[in-house]
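> no sequence on this one, just coordinates:
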């Protein structure tokens, strides 16, 4: 008698398993995340050290321009200085943004790969993580950028649609009810789409060579037959994250912590939330993978049985 196939996980079971992986993975990825966070802080400090003096110079030159008796040569020199300061600010912001985006991609790779290996019962060495990062960082950046464009486009469409409904409907109870209904539908659709987009990022890390549209297409194949489950998982995850962030924000506000401590706490909470989200995404990824493997096995068994029946 064949071995009975395991029962598919429910949305709550996937969330619970993701939380367990979250706790088991934190210790393994602690050193890596600390290194990346230190580099990120150094990058932010470097950007601020360039932007702050240049911004002060811009404000000072703008005040000088308000002086009526300034000569033409003085004004020309001020405008040249303004262009120089603005150029430095723009260059520092662009470079800082690219470095921050690169480090964020490294964090995502470290979290997803570490959680996946811990889930399989394997130890994650820093060398293995470095190799995985070297092989997949470009694909992860491309997929994340693609997902960012999709998210921005969808949110812009949502705002445009709500604005159109409000403009043509006017100020009335029926118009407000319609706007609320459209907003709820847009939010539910976003929960579904974000589930698919997050799986594309997981695919870029776990399956080398897949990025952008290719990763998105692969993610759509993975979640086939599990779209409803993915929507329920994403909805539960959103509620859990919102609850945790609300409790932390309330606690920090009530405790009246110093201004220097509060940003550090919020940064750590944000990082832990990212780990939790990616842990749940990895669990759902493997659940979809097992579903596809079970379906392929059943298909092969059915074809084999049919072939036996057709034999004379």
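Looks like it arrived, so ask away. All values derive from a computational prediction rather than experimental measurement.
> ok, residue 227 - how many residues close by?
For residue 227, the number of neighbouring residues by other CB atoms under 10 Å comes to 14. No exception for glycine: its C-beta is placed from N, CA and C like everyone else's.
> for residue 248, see how far away the nearest residue to residue 99 once chain neighbours are set aside is.
Take residue 99 and drop its neighbours on the chain: the residue closest to it by CB to CB, 6 or more residues apart in numbering is residue 43, 4.6 Å away. Shown here: residue 43 relative to residue 248, a distance of 25 Å by CB to CB, to the nearest Å.
> and if you look at residue 166?
34 Å.
> likewise residue 145?
29 Å.
> now do residue 153
Taking CB to CB, one finds residue 153 at 31 Å from residue 248.
> which one's more surrounded, those two?
residue 248 (17 against 10).
> which stretches of the stretch 151-300 of the chain form helices?
173-206, 212-222, 227-255, 261-310 (DSSP state H, counting those that start in this stretch).
> can you say which of those helices is nearest to residue 11?
helix 227-255 (3.7 Å; CB to CB).
> show me the contacts for residue 275.
22, 25, 26, 29, 111, 115 (CB atoms under 8 Å, 6 or more residues apart in numbering).
> contact partners for residue 203?
By CB under 8 Å, 6+ apart, residue 203 lies in contact with 143, 210, 215, 218, 219, 222, 285.
> do that again at 7 Å, thanks
210, 215, 218, 219, 222 (CB atoms under 7 Å, 6 or more residues apart in numbering).
> in which helix or strand does the residue nearest to residue 99 reside?
Element membership for residue 43, per DSSP states H and E: helix 11-65.
> any chance of the contacts of residue 203 in CSV, plus pLDDT, distance to residue 240 and neighbour count?
Below are the contacts of residue 203 laid out as CSV (pLDDT from 0 to 100; distance: CB to CB, whole Å; neighbours: other CB atoms under 10 Å):
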residue, pLDDT, distance to residue 240, neighbour count
210, 84, 29, 21
215, 88, 26, 27
218, 88, 27, 19
219, 88, 22, 26
222, 84, 23, 24
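> closest to residue 237 out of those residues?
Nearest to residue 237 among the contacts of residue 203, counting by CB to CB, is residue 219 at 16.4 Å.
> do I have it right that the closest one meets residue 198?
No - the criterion here is CB atoms under 7 Å, and residue 219 misses it with residue 198 at 8.4 Å.
> quick check: residue 137 vs residue 102, distance?
For residue 137 relative to residue 102 (CB to CB), the value is 8 Å.
> do the same with residue 153
In terms of CB to CB, residue 153 sits 23 Å off from residue 102.
> can you check residue 288 too?
Distance from residue 288 to residue 102, by CB to CB: 29 Å.
> between these two, who's got more neighbours?
residue 288 (22 against 16).
> give the contact list for the nearest residue to the more buried one once chain neighbours are set aside.
Nearest in space to residue 288, with sequence neighbours left out and distances taken as CB to CB, 6+ apart, is residue 222 at 4.3 Å. Applying CB under 7 Å, 6+ apart to residue 222 gives the contacts 199, 203, 285, 288, 289.
> burial measure for residue 124, as a count.
The burial count for residue 124: 19, using other CB under 10 Å.
> cool, residue 122 as well?
With other CB under 10 Å as criterion, residue 122 counts 12.
> work out for me the element it sits within.
Judged by DSSP H and E, residue 122 forms part of no helix or strand.
> state the distance from it to residue 166.
Using CB to CB, which is the criterion applied here, residue 122 is 53 Å from residue 166.
> residue 290 now?
From residue 290 to residue 166 the distance is 46 Å (CB to CB).
> quick one: end-to-end distance for stretch 203-223.
Its first and final residues considered, stretch 203-223 spans 11 Å by CA to CA, to the nearest Å.
> quick one: buried residues of it?
203-207, 210-212, 214-216, 218-219, 222-223 (16 or more other CB atoms under 10 Å).
> off-centre distance for that stretch?
15 Å (CA atoms, centre = their mean, to the nearest Å).
> over to stretch 196-209?
12 Å.
> try stretch 131-146
13 Å.
> the helix holding residue 43 vs helix 227-255, what angle?
Put simply, helix 11-65 runs at 50 degrees to helix 227-255, going by axes from the mean of the first three to the mean of the last three CA atoms, to 10 degrees.
> now for helix 11-65, which elements pack on it?
Where contact means 3 or more CB pairs under 7 Å, 6 or more residues apart in numbering; DSSP states H and E, helix 11-65 is packed against helix 72-119, helix 227-255, helix 261-310.
> rerun at 10 Å
helix 72-119, helix 126-169, helix 227-255, helix 261-310 (3 or more CB pairs under 10 Å, 6 or more residues apart in numbering; DSSP states H and E).
> now for the third one, which elements pack on it?
In other words, helix 227-255. Using 3+ CB pairs under 10 Å, 6+ apart, the elements in contact with helix 227-255 are helix 11-65, helix 173-206, helix 212-222, helix 261-310.
> cool, thanks, signing off.
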